[in-house]
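>>> have a look at this fold, sequence not included:
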């Protein structure tokens, strides 16, 4: 599903963000990617969704080598990945329904399929009653549920959530993570990037810790306490 | 095979409908930027259009002056009026001659007396003092000397009178005005394109986040681009039509004012070909700025 092998990334300004990252995430797995600010988490995410290319090493996502993928093939790969971000990234002038339906329109789904699938997914994330609302009319937790629904609607093989709880209170954060866990139990691989230790501690899951551009820990049910070590 | 064809057609129809719907709804969703884009496009086209009309009118006025600059071809004294009139086809056969007006001795005399006004003094003037003549109008005053020389060789023509100095002066003036017009219109169009392009760039910049979201969910560049192109097309068209209506309304007001207060100046009528040319120019600029501008402005956000 995801395989990063000895990945290096140096930006144009000389910043060495990754210094030999290696980890693998298999189909159906759920994992947290943790680390302090500037550790390289965001660079990992950018590499996984094809926003940037590695300087060295190999990044494989859903069977595709991200360094050799043609630009025109990138959209088709992205359709196999559901992305969730801290700032929700919803289109402001579209309703909740339209925001989710949009992801289906992109892949050329028929109107009939959209009418069937979108209400189902909205119900799955518990936001069906707000289908006609605009993002600005929703709370942070509700907006993130819409983002989860959008990530989910095309039945992706992999969901990558980049600090999905960063803008939410603890109760809403737990709700979102429980939702992602539920999605994982339905068969989707989930990688959650976060730096919220208390939240990670509530789940007995694999935790990959990254610090200084290197994987410093990769273990089940163990948050790597980078501040104390 | 047929089923695949029908499916492709259905998908394309759905897509086309979606692009049109998105393009239209986006105009209303970003109403302020849409309004600003239409205003900017319209404002610059109005300025350009009004200058074009000024240039066209100056050109037309010089053209009128040129047209009045006729060659007089005098007929031999020994020719009767009928013989003289029969020379008309030979004169018309001379290159650059557009049309001729026959002036008999009597008419020439009346014109002479009318010009000097003192009817008593010329009461006993004999028409035979004058010659039958042709007022010869030319297509291009630039060749007035050549035309004058050619007329001299027409049998029955005794003398030819022209004023090449005035013709040359008008021609030079016309050339200067034409070149200044072309340069000013080109500069105005260039500035318009630059400002309009930047307005569209700004509008696209406002929506970079939206474009990033589209890319994130796996939209192809074409899928992102088409609604923007539809939107740009509509805004460009609205801008050019607004400019067209405003330009002609202003021109109409100006034409009425000129007719009332300066009747001797003749403005080119609105119904002439120039309206078609100007609206075509407006639509071409509006279209290229709207469609091309949004297409180019999008490029930098699509390279992800």
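Cool, the structure landed. Just so we're clear, the structure is a prediction, and the values are computed from it rather than from any experiment. Numbering: from 1, shown residues only, chains lettered A, B, ... in the order given.
>>> burial measure for residue B:140, as a count.
Taking other CB atoms under 10 Å in any protein chain shown as the criterion, the count of residues near residue B:140 is 14. No exception for glycine: its C-beta is placed from N, CA and C like everyone else's.
>>> leaving out sequence neighbours, find the closest residue to it.
With CB to CB, 6 or more residues apart in numbering or on different chains as the criterion, residue B:140 has its nearest non-adjacent residue at 6.0 Å, and that residue is residue B:96.
>>> quick one, phi psi at the one you found?
In terms of degrees, to the nearest 10, the main-chain angles of residue B:96 are phi 80, psi 0.
>>> buried residues, stretch B:179-198. List them.
When burial is assessed from 16 or more other CB atoms under 10 Å in any protein chain shown, stretch B:179-198 yields the following buried residues: B:181, B:185, B:188, B:189, B:192, B:193, B:196, B:197.
>>> and the helix or strand of chain A with the lowest mean pLDDT, what's buried?
Using mean pLDDT, DSSP states H and E, the weakest-scoring helix or strand in chain A turns out to be helix A:197-201, at a mean of 86. For helix A:197-201, the buried set under the neighbour-count rule, 16+ other CB under 10 Å, comprises A:199, A:200.
>>> quick check: which element contains the residue nearest to the spatial centre of chain A?
With distances taken as CA atoms, centre = their mean, chain A has residue A:160 as the residue nearest its mean C-alpha position (1.8 Å). Secondary-structure assignment from DSSP states H and E places residue A:160 in strand A:158-162.
>>> past that strand, which element shows up next along the chain?
Next in sequence after strand A:158-162, counting helices and strands by DSSP H and E, comes helix A:170-185.
>>> which other helices and strands contact that next one?
Contacts of helix A:170-185 with other secondary structure elements, assessed using 3 or more CB pairs under 8 Å, 6 or more residues apart in numbering or on different chains; DSSP states H and E, are made with strand A:30-34, helix A:140-152, strand A:158-162, strand A:189-194, helix A:197-201.
>>> picking that back up, any idea which helix or strand comes after the least confident helix or strand of chain A?
Sequence-wise, the next helix or strand downstream of helix A:197-201 (DSSP H and E) is strand A:206-211.
>>> avg pLDDT for that next one?
In this model, strand A:206-211 carries a mean pLDDT of 92.
>>> let me know the angle separating it from strand A:189-194.
Between strand A:206-211 and strand A:189-194, the angle comes out at 40 degrees (axes from the mean of the first three to the mean of the last three CA atoms, to 10 degrees).
>>> contact partners of strand A:206-211?
Contact partners of strand A:206-211, identified using CB atoms under 8 Å, 6 or more residues apart in numbering or on different chains, comprise A:21, A:23, A:29-36, A:39-41, A:44, A:200, A:215-224, A:226.
>>> that one pairs with which strands, parallel or anti?
Its sheet considered, strand A:206-211 pairs with strand A:30-34 (parallel), strand A:214-220 (antiparallel) by DSSP bridges.
>>> select from those strands the stretch with the lowest mean pLDDT.
When mean pLDDT is averaged over each of these, strand A:214-220 scores lowest at a mean of 90.
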